[in-house]
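1. Predicted model and sequence below, questions to follow.
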4 protein chains.
Amino acid sequence: MANSKYEYVKSFESNDKLMPSTWIVVRIDGHGFKKFSEDHGFDKPNDEQALYLMNACAVSMLQEFPDIVFAYGVSDEYSFIFRKETQFYQRRASKILSVTVSFFTSVYVMKWKEFFPQNKLKYPPTFDGRVVCYPSTAIVQDYLAWRQVDCHINNLNNTCYWMLVKSGKSKREAQDFLEGTQAQEKNELLFQQFNLNYNTLPAIFRKGSCVFRDKVEDIVKYTECGDPVKRSRLKVITYHCDIIEKTFWDKHQHILK
Amino acid sequence: MANSKYEYVKSFESNDKLMPSTWIVVRIDGHGFKKFSEDHGFDKPNDEQALYLMNACAVSMLQEFPDIVFAYGVSDEYSFIFRKETQFYQRRASKILSVTVSFFTSVYVMKWKEFFPQNKLKYPPTFDGRVVCYPSTAIVQDYLAWRQVDCHINNLNNTCYWMLVKSGKSKREAQDFLEGTQAQEKNELLFQQFNLNYNTLPAIFRKGSCVFRDKVEDIVKYTECGDPVKRSRLKVITYHCDIIEKTFWDKHQHILK
Amino acid sequence: MANSKYEYVKSFESNDKLMPSTWIVVRIDGHGFKKFSEDHGFDKPNDEQALYLMNACAVSMLQEFPDIVFAYGVSDEYSFIFRKETQFYQRRASKILSVTVSFFTSVYVMKWKEFFPQNKLKYPPTFDGRVVCYPSTAIVQDYLAWRQVDCHINNLNNTCYWMLVKSGKSKREAQDFLEGTQAQEKNELLFQQFNLNYNTLPAIFRKGSCVFRDKVEDIVKYTECGDPVKRSRLKVITYHCDIIEKTFWDKHQHILK
Amino acid sequence: MANSKYEYVKSFESNDKLMPSTWIVVRIDGHGFKKFSEDHGFDKPNDEQALYLMNACAVSMLQEFPDIVFAYGVSDEYSFIFRKETQFYQRRASKILSVTVSFFTSVYVMKWKEFFPQNKLKYPPTFDGRVVCYPSTAIVQDYLAWRQVDCHINNLNNTCYWMLVKSGKSKREAQDFLEGTQAQEKNELLFQQFNLNYNTLPAIFRKGSCVFRDKVEDIVKYTECGDPVKRSRLKVITYHCDIIEKTFWDKHQHILK
């Protein structure tokens, strides 16, 4: 019994190969996470455990998909950069998008209780995603700078907002108060009204998280004299550093080759 | 601090709206499920619990996404049909694909222990997906027929294969034995060698699973005379019926309108 | 000497096959024709010769490309409908678009002096084009109705505008005068101020032009008694009729099958 | 009379913007030119007048579209490179493709009698086209090298083929004779059998044609002493030079910036 009579329906599938020799970026976003974070009692403006869980998912991604060379995460979103020449799924957009979003989601649910042992999942956390290609390294770096600038703008604003709310203002009042204020005014608000130096907040809040493979040295044994014998290897690590300045990329040239 | 300097990177995102007034089909497939099913000890050729879990995910999908009007599943794949005029995510392919695959995955992991209480997940189950549009109802029905014919072909073959393997043949021998045989020969093999009438196998194996909203009647109360007062409502149900023949669609015209 | 070293550049070509089983519409538009029509002294608001030249190009298109089943033209634009199941260039959008626009342009230049014997082409007339797919016959009919409604709106307005300008108003005054007026007011303006019944204007101006194959009867010979012996055949003809009302499509069901 | 009822049909038009910051290449090809060249008595293997006409069209293209920075033509095909940051038609593929193919065709027909004064066009010459994007300068150079290598391979083969045919072989015999021969054998065939040194053939046949803007010096006047006063300007010129070797690009760095 051949299936030929109906197989014509396959011809409706469209070819969605991404342009060769371009950087592929998959950005994954929490879907309805404003509600999800409230329903699961996340700390505001930042829940450290929730960020650690996101980071753990990102680390799993780099371990699972060797062609991801860099990931940057902030709040409930994470961007994954595939190397320019990757042939992952022959660069088919739907395959790349669906498998990465599915894997990320799967890890998120499986690791949930590791990070929230007292906090049962009330319903399935869901992420959406998109795939974008960038033709040059400089533009990929601008993409990442774009996300980190966004992190800074949002985090400074959210920090002010929640300080105002926690100090007794209604949500509406807090929002009106911040409407149209500049970064410097927000910094001063925090310092003068709440005695908070924004720059002393944890870097994970201010800078987001960078996940990539970096050279680490392991002590494999000790010589008879007690000297350590080291071996270097690439390990997936998580940093909270500035990726807007070119300094980072100059120091880690192996990442984007 | 405006983000304008880097915002140009957004212009690289492509518009991926699907053609209006066409049926949108999302097909989700287990990614690497041959290995996954072995690593988790699934029964061969069919694991009833695994199918029930897939079906539970599909039911959740129809409950979560009201514009899905029909779903058909077999083995580790499931197709979801969105109504022709859906404006779900303004018909953006990436959003539709990523959110549905993510939700399906999330439910699969969350419900796993309900269906496999003794069987811990060894690693994250992952699905891939694709989106295809069909311009007419007749072609959507052909699409579903295509999947059900595939179900039949594969299940008949797999049933023979595993009967041979369980009876002592090596996997290679079983495969060689079946190479090039027709449906009728396979039916006869099962009947004569294994005393198995293929048509008596559970319909869920032979026909796959259809999930859709159907009218059900609930008894809401009883009159003083003891007669039931009924109210009909739409409920997401799972059937294992033939959808190749037009009879099904004639009887359920509301599904594809 | 093989070309393999550089042939990888072919992999950057994208697959642009159009969805099967949908109506393919190519719309060709005069590029910069406001200036072109002034530079070549076209009558305003309508130049009959220019329209006849456009129609001649459309007729050539139907003669050249058998899968075009209908064409509708107005002013410097023409829409061509390919039958739903056409395999013209395997439905590759770029090929279909470029060949049809190129052929149309070529005929336009070649036939120019037939329609404008005293009027030399000052520079190359150019057209742009686009390809759009429609999933159902009803929507294709709506597409054509859209173009014909546009024809009516524009022609009524242009007729008023040029009557005003020819009667001594400046272009700016004419435009301001018409700003915001409704169809009925425009009809009355023509009738009362210029004694012109809009409906008596040539149909080619008011309705545009439809080009399609219609059954015509030829007298092939005469019997001994002098009676004509006829044979019917399909011929590409040009009409100026209403295609908004369904009447037209009911009477010409063979066109969209 | 608003057109709103039917305007929904516009929503079926797809967005076809090309990726920003990539080189856009439009390649135009003679459609059915094997027959066209026979029907119009073109010399074989190369018709100089036909090539000059193609080149004249290409020069017009660069004069008409300032964002085209380079064109390369061979036989009945021509490739046009738009600068990487061009915003021509907001980078919409259909517009770019259709307008360039239409303009090229229009010039071809208009200039025909200038190059073939005794040779009337028998039917409309037609071209097809495609648009491809390349993310880096190196790949664009490889693209052009690909076309020039193709020019060499085809021209060497065609030269042999037509020498054989003109010397009395049938077309079939000539083809069989050349089947599987390498470049060196073909060169020797020409030299030994026909006393023809391939490298002495006109460069336009062997190298194709490059069209780009180059600095030229005009003498604008003479001083009293009779010395010329020169002014340099960019002029669209046509060369027949090697663009495979990097030398060309090193010497003309302004072209691809």
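-> Arrived safely.
2. Next, count neighbours for the closest residue to A:Leu256 other than its chain neighbours.
-> Spatial nearest neighbour of A:Leu256, excluding adjacent residues (CB to CB, 6 or more residues apart in numbering or on different chains): A:Thr137 at 5.0 Å. C-beta coordinates here come from the backbone N, C-alpha and C atoms, glycine included. A:Thr137: 14 surrounding residues under other CB atoms under 10 Å in any protein chain shown.
3. Can you read off the pLDDT for A:Thr137?
-> pLDDT recorded at A:Thr137 is 97.
4. which helices and strands sit right next to the helix or strand harbouring A:Ala138?
-> Assigned by DSSP states H and E, A:Ala138 belongs to helix A:137-166. Secondary-structure packing of helix A:137-166 (3 or more CB pairs under 8 Å, 6 or more residues apart in numbering or on different chains; DSSP states H and E): strand A:23-30, strand A:68-74, strand A:77-82, strand A:127-134, helix A:171-178, helix A:183-188, helix A:203-207, helix B:4-7.
5. Summarise which helices and strands the fifth one is packed against.
-> Going back to what we said before, that points to helix A:171-178. helix A:137-166.
6. And the shortest one, by the same measure?
-> Using 3+ CB pairs under 8 Å, 6+ apart as the contact definition, the elements that helix B:4-7 packs against are helix A:137-166.
7. which strand in chain A runs the most residues?
-> Assignment by DSSP state E gives strand A:209-222 as the longest strand of chain A.
8. which one is the residue of the stretch 51-200 of chain A found nearest chain C nearest to, not counting chain neighbours?
-> Residue nearest to chain C within the stretch 51-200 of chain A: A:Arg91 (9.6 Å; CB to the nearest CB). In space, and not counting its chain neighbours, A:Arg91 is closest to A:Leu18: 4.4 Å by CB to CB, 6+ apart.
9. Check the contact between the one you found and A:Tyr134; I expect there is one.
-> No - between A:Leu18 and A:Tyr134 there is no contact under CB atoms under 8 Å: 10.7 Å.
10. distance of the residue nearest the centre of chain A from A:Phe127?
-> By CA atoms, centre = their mean, chain A has its centre lying nearest to A:Gly73, at 1.8 Å. A:Gly73 sits at a distance of 12 Å from A:Phe127 (criterion: CB to CB, to the nearest Å).
11. Same check on A:Glu245?
-> Counting by CB to CB, the gap from A:Glu245 to A:Phe127 is 30 Å.
12. again, but for A:Leu234
-> Plainly put, A:Leu234 is 27 Å away from A:Phe127 if you go by CB to CB.
13. Can you name the residues that contact A:Phe212?
-> By CB atoms under 8 Å, 6 or more residues apart in numbering or on different chains, the contact list for A:Phe212 reads A:Leu62, A:Val69, A:Phe70, A:Ala71, A:Val236, A:Ile237, A:Tyr239, A:His252, A:Ile255.
14. Please repeat the previous calculation with a cut-off of 10 Å.
-> When contacts are counted by CB atoms under 10 Å, 6 or more residues apart in numbering or on different chains, A:Phe212 touches A:58, A:62, A:68-72, A:81, A:234-239, A:252, A:254-256.
15. of those residues, buried ones?
-> Burial by neighbour count, judged by 16 or more other CB atoms under 10 Å in any protein chain shown, picks out A:58, A:62, A:68-72, A:81, A:236, A:238-239, A:252, A:255-256 from those.
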